[in-house]
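Student: could you look at this predicted model? Sequence included:
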Amino acid sequence: MTTENNANNTQAQGKFPRWLKAVMPDGETYHNTAGILKNHGLVTVCQEARCPNIGECWRRQTATFMILGECCTRHCRFCAITQNQKPLPPDPTEPERIANAVRDMKLTYVVMTSVTRDDLPDGGAKHFVDCTNAIKSATQQAKVEVLTPDFMGNKQAIQIVAASPIFVFNHNIEMVSRLYKQLRPEADYRRSLEVLRYAKTINPEIITKSGFMLGLGEEISEVELLMADLREAGVTHLTIGQYLCAKEGRAPVARYVHPDEFTMLRQKALDIGFIYVDSAPLARSSYHAERQLQ
């Protein structure tokens, strides 16, 4: 891939390129959203993953709910979420609290993700379904997108979620295969592809979606192979964004990728059959997720 000048590529210099501009987290609607989430005692990936789009999304009164606690059982080197081998058991009141927040926020499109829970026999699959059913009971018109972990490849867990009343089954591939051993040692590239493939087999009517990051040291040929692998697995919706190191001790940014490269990759993805592609420096899995309805 094309390399930008050193001032833009080296995170250690503390400089961000001009195109990485996010909306400040402030304003009346932003604080209203924060208040609703706090009142219902909910966790969002917007906060836990330190998403740069939190200001814009919360001003639009949207947020991505993160279920099954705040502690992940894995140790990915790119993720800002707290890592702990002994998270708390699933909270049985969480589905109702999420449903109430969806109603209070008047959401018609709901995105729900979770930490990875390898400590649970089903990886938290039943809890995903309980939350989805509670949302649909509270507001039938709301469409639900789930962004799931890989459930350790457990087909029964995948089936439980894919067969539930969801609109989108999203599972992020995150990065090119070569970087897994270094940055995602407890995950498996091929297993993630199989999760997506199997979900589509279980429910051909759902949309399957995935996403990955640039700026971790990947090569263009590896990215093209990754996109081809996702298409072969039946994925039709894709997000491509810039990796940003959001927490001390996590993997550094290898380089900041120019918006022109994101545009180029978007076209390549469309050319090989993806239906919807959001490819931009600040693109994220749940950022403007409702656009796919259009």
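Tutor: All right, it came through fine.
Student: what's downstream of the strand ranked longest in the chain, the next helix or strand?
Tutor: Longest strand of the chain, by residue count under DSSP state E: strand 207-214. Using DSSP states H and E, the helix or strand that follows strand 207-214 in sequence is helix 220-232.
Student: for that next one, packing partners?
Tutor: Helices and strands touching helix 220-232, by 3 or more C-beta pairs under 8 Å, 6 or more residues apart in numbering; DSSP states H and E, are helix 189-202, strand 207-214, helix 259-271. Backbone N, C-alpha and C define where each C-beta goes, glycine included.
Student: cutoff 10 Å now
Tutor: Applying 3 or more C-beta pairs under 10 Å, 6 or more residues apart in numbering; DSSP states H and E, one finds that helix 220-232 contacts helix 189-202, strand 207-214, strand 237-242, helix 259-271.
Student: right, so of those, which gets closest to residue 29?
Tutor: strand 237-242 (23.9 Å; C-beta to C-beta).
Student: note down every partner strand of that closest one and its orientation.
Tutor: When pairing is defined by DSSP bridges, strand 237-242 lines up against strand 207-214 (parallel), strand 276-279 (parallel).
Student: report the inter-axis angle for the longest one versus helix 259-271.
Tutor: Inter-element angle recorded for strand 207-214 and helix 259-271: 150 degrees (by axes from the mean of the first three to the mean of the last three C-alpha atoms, to 10 degrees).
Student: lowest-scoring secondary structure element of this structure by mean pLDDT?
Tutor: helix 6-9 (a mean of 38; mean pLDDT, DSSP states H and E).
Student: next structured bit after it?
Tutor: For helix 6-9, the following helix or strand on the C-terminal side (DSSP H and E) is helix 28-39.
Student: with just CA atoms, put whichever helix or strand comes after that following helix into PDB.
Tutor: For helix 28-39, the following helix or strand on the C-terminal side (DSSP H and E) is helix 45-48. Output in PDB follows, covering the C-alpha atoms of helix 45-48 (Å, rounded to 0.1, in the frame of the first residue of the first chain):
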ATOM      1  CA  VAL A  45     -18.900  -0.300  23.000                       C
ATOM      2  CA  CYS A  46     -18.800   3.400  22.200                       C
ATOM      3  CA  GLN A  47     -17.300   4.100  25.600                       C
ATOM      4  CA  GLU A  48     -15.500   0.800  26.300                       C
END
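Student: give me the buried positions along the next helix or strand after helix 45-48.
Tutor: Using DSSP H and E, the helix or strand that follows helix 45-48 in sequence is helix 54-59. Buried residues in helix 54-59, defined by neighbour count with 16 or more other C-beta atoms under 10 Å: 54, 55, 56, 57, 58, 59.
Student: what do you get for stretch 15-25?
Tutor: Using 16+ other C-beta under 10 Å as the burial criterion, the residues of stretch 15-25 that qualify are 16, 17, 19, 23, 25.
Student: sorry, back to before: of the buried residues of helix 54-59, closest to residue 36?
Tutor: Nearest to residue 36 among those, with distances taken as C-beta to C-beta, is residue 58, at 9.9 Å.
Student: quick one: contacts for that closest one?
Tutor: Applying C-beta atoms under 10 Å, 6 or more residues apart in numbering to residue 58 gives the contacts 23, 25-27, 29-34, 36-37, 44, 46-47.
Student: 6 Å - rerun?
Tutor: 30, 33 (C-beta atoms under 6 Å, 6 or more residues apart in numbering).
Student: from residue 28, how far out is it?
Tutor: 11 Å (C-beta to C-beta, to the nearest Å).
Student: ok, back up a step: and which of the buried residues of helix 54-59 is nearest residue 216?
Tutor: Distances from residue 216 to these, taken by C-beta to C-beta, are shortest for residue 54, at 22.1 Å.
Student: noted, bye for now.
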